[in-house]
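Engineer: Need a 3D model of the sequence below.
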Amino acid sequence: MPCHHRLARTLLPVLLLFAAPAPAAPPAPGTLLALGDLEGGSVAEYDRQFQARISRDLGPRYEAYRNLGPVAQFVAMIKDHIRNSVPSRKVTYASVDSHGQPRTYTGRVYLPSRKAGDPPREVPLVLYQHATETWRDGVASKNQGDEAMLGALAAELCGFAVAMPDGDGMGGDPAPNRHEYCLARTAAPCLLDMIRAALGQADGRKLFDDVNYIWDGEIYIVGYSEGGYISLAAVRELSGNPAWKDIKLNGAACMGGPFDFARQVRRMLADDRTPFGSPYIPGYFLMSWQGIYPDLVPFKDAANPELLRTDGSGDLARWLDGSLPGSRITPLIQARLTGDRNKPVPARRILNDAWVRANIENPGSRLNKAFDENSLVGGWKPSVPVLLAHDPYDETVNFSGTQAVFDDWTRQGVNPIGIVRLAVGSAGAGHVGGALVAIPSAFVWIGAGMPRSLMAMTRDKLMAAMAAAAPPELEANVDVLATTMGMQEANENRALLPLSRIDYKAPAGARPYTLGYADRFFKVGKVKVYTVEKAPQFPGQKPSPGLDGYTRLVKELKALSDTLPLAPNVPYYLAVYPEKGGVALTLKFTGAGPAHTVNIKQVKNKIIGRNSGALFDISPGLKARVQTGNFDRAERGGTFITLP
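Structural biologist: This next block holds a predicted model:
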């Protein structure tokens, strides 16, 4: 054997000892990789951002919602904390993408303020997932974007640790991958792994260090729009996937999301006439899904060729590279397709029409199967309370998805919280404006113990305001009792509004009070006034539960000129019959004494006040007291709210 061969055989075992070590296993998903230093943010500055967004997205329409129960409470709390600073820490953690590959994600946790020397604050952990954001840096880890300020305000006002994941492909994610839009198998782990990370430690640092902050053991999830979709996807995982059994969720608010994803996409692209307010979303979907399903969504084949043409302003791919927010992409798309930066276009025009017909309008296409796989409707039910909130007039994300989730859970015997119908779109604010009503409401709802009625959130403040509201003589004349006893008539024209009972007690010699509409009058539906008698009024009529008799129609109020004189000591029952999903009306009671006004805004089988802390807008001339019953009982026929 040659000498060099013998030398090699002799040295080989020695050389193997110095061979490169095997690559280290990636950190487990949910591992906290880094916890940043404490940073402070002024409540006054966050409030300035909040007010600027209100001005931009709601404008004068905000006056109709600024005093709406939880929103009013949220705004009032800002004033109480305006001089404070909100501490926060950037979080870097391990997770996986849709292919199971290791990824590094970022986010930020906002904390309520505390003074030096104070005992540690005990706080729940609330995961707040932001809506669709095309700007890679418009996220919480960068302290930027439209929603970071809401998370910061919620932490300070409600006493929460608010953890905001940036999302895959966003913030500090070092991977070149773009965000995987509305893909449940990526979105849920990205959010849930931040829960694990927030409860962990890195380099001896812990978010809940038992010195400054203590986790109270509770976990909640909040999200709106795409954030609502991601939140519901996370709730689904926690409701049935044993891989997440270490996370014990207490409740969630999943709002305004495209939960029936397949139907949402098909509906959005089926309409080639109606202008679409967020034209970047179809393009964002293409850009995102081409990385997930490259053979199903080839970007250059699927996009409108006109948007692929490069000129001085760039092209669709350039606009969607993560450097621009959607508000800057929209005018670029509109200018390219119409010549006018401010002229909206239908969503379908963003895509290649031939590709839409072959792939989206073809029920048997592989792409439609992928769409169906990302629907969150059906096949599961939540194990915790879930608040649903959506605008029935939303033109960006159709209300049908939220209704489908609610109906599916109801069929399965789940007792969902219900749907808070925001109804801001009817005033022109739509999807974006709805967020400014829904998100503060969700935080206040959690802080109030997740009541079954949003009205219960501000009960104490409402009672105090009404009890202090002037002249005493009115109290002796009018007694209004609102109950949730539903009509039991044997026809399809059945009342959806819980009945409002009016008890009129007139002093001797007083002229009768009159019920009618006030000048501020808006109606979608019918208003009828009933009395109760011992005998049925038509064959098959059933007695109304709790009324000790049968309802008899006294009058239907149809116009501003309609009034009804109230006879003393006769209980009247006022019912609203929605015809298009909702009713808003202003009722006025007038008589010899001071006049007073009650506003009722009723949406399907829930009532929310328009300009009040919770239910009724009371004029300065009214003195009244409010007593609110348990909402669980109320839905089964018990007392809801009393105005003596």
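
Engineer: From here on, just use CA atoms for contacts and neighbour counts.
Structural biologist: Will do.

Engineer: burial measure for residue 208, as a count.
Structural biologist: 20 (other Cα atoms under 10 Å).

Engineer: How about it, nearest residue that isn't a chain neighbour?
Structural biologist: The spatially closest residue to residue 208, leaving aside those adjacent along the chain, is residue 214, at 5.1 Å (Cα to Cα, 6 or more residues apart in numbering).

Engineer: Surely the one you found touches residue 125?
Structural biologist: No - using Cα atoms under 8 Å, residue 214 is not in contact with residue 125; the gap is 10.1 Å.

Engineer: what about the two, which has more around it?
Structural biologist: residue 125 (24 against 17).

Engineer: Does anything pack onto the host helix or strand of that one? Which helices or strands?
Structural biologist: Following DSSP states H and E, one finds residue 125 within strand 121-129. Using 3 or more Cα pairs under 8 Å, 6 or more residues apart in numbering; DSSP states H and E as the contact test, the elements touching strand 121-129 are strand 161-165, helix 184-198, strand 213-224, helix 226-240.

Engineer: Identify whichever of those lies nearest to residue 43.
Structural biologist: strand 161-165 (14.8 Å; Cα to Cα).

Engineer: quick check: angle from the closest one to helix 184-198?
Structural biologist: Angle, strand 161-165 to helix 184-198, by axes from the mean of the first three to the mean of the last three Cα atoms, to 10 degrees: 140 degrees.

Engineer: Mind giving me the packing neighbours of strand 161-165?
Structural biologist: By 3+ Cα pairs under 8 Å, 6+ apart, strand 161-165 packs against strand 102-110, strand 121-129, helix 148-158, helix 184-198.

Engineer: Would you reformat these as CSV and include mean pLDDT and distance to residue 314?
Structural biologist: Output for these, formatted as CSV (pLDDT from 0 to 100; distance: least, Cα to Cα, whole Å):
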stretch, mean pLDDT, distance to residue 314
strand 102-110, 96, 29
strand 121-129, 96, 31
helix 148-158, 93, 29
helix 184-198, 93, 30
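
Engineer: okay if I get those as a markdown table plus distance to residue 441?
Structural biologist: Converted to a markdown table, these look like this (distance: least, Cα to Cα, whole Å):
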| stretch | distance to residue 441 |
| --- | --- |
| strand 102-110 | 18 |
| strand 121-129 | 13 |
| helix 148-158 | 10 |
| helix 184-198 | 21 |
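
Engineer: how far off strand 213-224 does the helix ranked longest in the chain point, in degrees?
Structural biologist: In terms of residue count, the longest helix belonging to the chain (DSSP state H) is helix 430-447. If you take the same axes, to 10 degrees, helix 430-447 sits at 150 degrees to strand 213-224.

Engineer: which parts of helix 430-447 are buried?
Structural biologist: 430-447 (16 or more other Cα atoms under 10 Å).

Engineer: for stretch 314-323, same thing?
Structural biologist: Buried residues in stretch 314-323 (16+ other Cα under 10 Å): 315-317, 319-320, 322.

Engineer: Can you pull out the residues in contact with that stretch?
Structural biologist: For stretch 314-323, the external contacting residues (Cα atoms under 8 Å, 6 or more residues apart in numbering) are 134-137, 178, 283-284, 287, 307-309, 329, 333.

Engineer: Domain ranges for this protein, per the record?
Structural biologist: Domain assignment for the chain by automatic domain parsing gives 36-260+382-450, 278-373, 460-643.

Engineer: Endpoint to endpoint, the longest one covers what distance?
Structural biologist: The one in question is domain 36-260+382-450. 32 Å (Cα to Cα, to the nearest Å).

Engineer: same check, this time on the second one
Structural biologist: One end of domain 278-373 sits 24 Å from the other (Cα to Cα).

Engineer: ok, back up a step: will you turn the contacts of stretch 314-323 into JSON lines that also has pLDDT and secondary structure?
Structural biologist: Shown next, in JSON lines, are those (pLDDT from 0 to 100; DSSP: H, G, I helix; E, B strand; the rest coil):
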{"residue": "134", "pLDDT": "93", "secondary structure": "coil"}
{"residue": "135", "pLDDT": "93", "secondary structure": "coil"}
{"residue": "136", "pLDDT": "93", "secondary structure": "coil"}
{"residue": "137", "pLDDT": "94", "secondary structure": "coil"}
{"residue": "178", "pLDDT": "79", "secondary structure": "coil"}
{"residue": "283", "pLDDT": "91", "secondary structure": "helix"}
{"residue": "284", "pLDDT": "91", "secondary structure": "helix"}
{"residue": "287", "pLDDT": "89", "secondary structure": "helix"}
{"residue": "307", "pLDDT": "95", "secondary structure": "helix"}
{"residue": "308", "pLDDT": "94", "secondary structure": "helix"}
{"residue": "309", "pLDDT": "91", "secondary structure": "coil"}
{"residue": "329", "pLDDT": "95", "secondary structure": "helix"}
{"residue": "333", "pLDDT": "95", "secondary structure": "helix"}
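
Engineer: Of those, keep whichever come out buried.
Structural biologist: Counted by 16+ other Cα under 10 Å, the contacts of stretch 314-323 give 134-137, 178, 283-284, 287, 307-308, 329, 333 as buried.

Engineer: Output the below-cut-off pLDDT ranges for the stretch 1-150 of the chain.
Structural biologist: 1-22, 60-70, 72 (pLDDT under 70).

Engineer: mind redoing it with 80?
Structural biologist: When residues are selected by pLDDT under 80, those of the stretch 1-150 of the chain lie in 1-23, 57-74, 76.

Engineer: So which residues of it form strands?
Structural biologist: With DSSP state E, counting those that start in this stretch as the criterion, the stretch 1-150 of the chain has strands at 32-35, 39-42, 85-96, 102-110, 121-129.

Engineer: before we move on, the earlier item: give me the helices and strands touching the longest helix of the chain, please.
Structural biologist: Going by 3+ Cα pairs under 8 Å, 6+ apart, helix 430-447 lies up against helix 43-57, helix 69-80, helix 148-158, strand 213-224, strand 251-255, strand 386-390.

Engineer: of those, which approaches residue 110 most closely?
Structural biologist: For the helices and strands packed on helix 430-447, the distance to residue 110 is smallest for helix 148-158, at 5.4 Å, taking Cα to Cα.

Engineer: hmm, who's touching that closest one?
Structural biologist: Taking Cα under 8 Å, 6+ apart as the rule, helix 148-158 contacts 43, 46-47, 49-50, 74, 77-78, 81, 86, 110-113, 128, 139-140, 160-164, 439-440, 443-444, 447.

Engineer: What remains of the residues you listed if I keep only buried residues?
Structural biologist: 43, 46-47, 49-50, 74, 77-78, 81, 86, 110-113, 128, 139-140, 160-164, 439-440, 443-444, 447.
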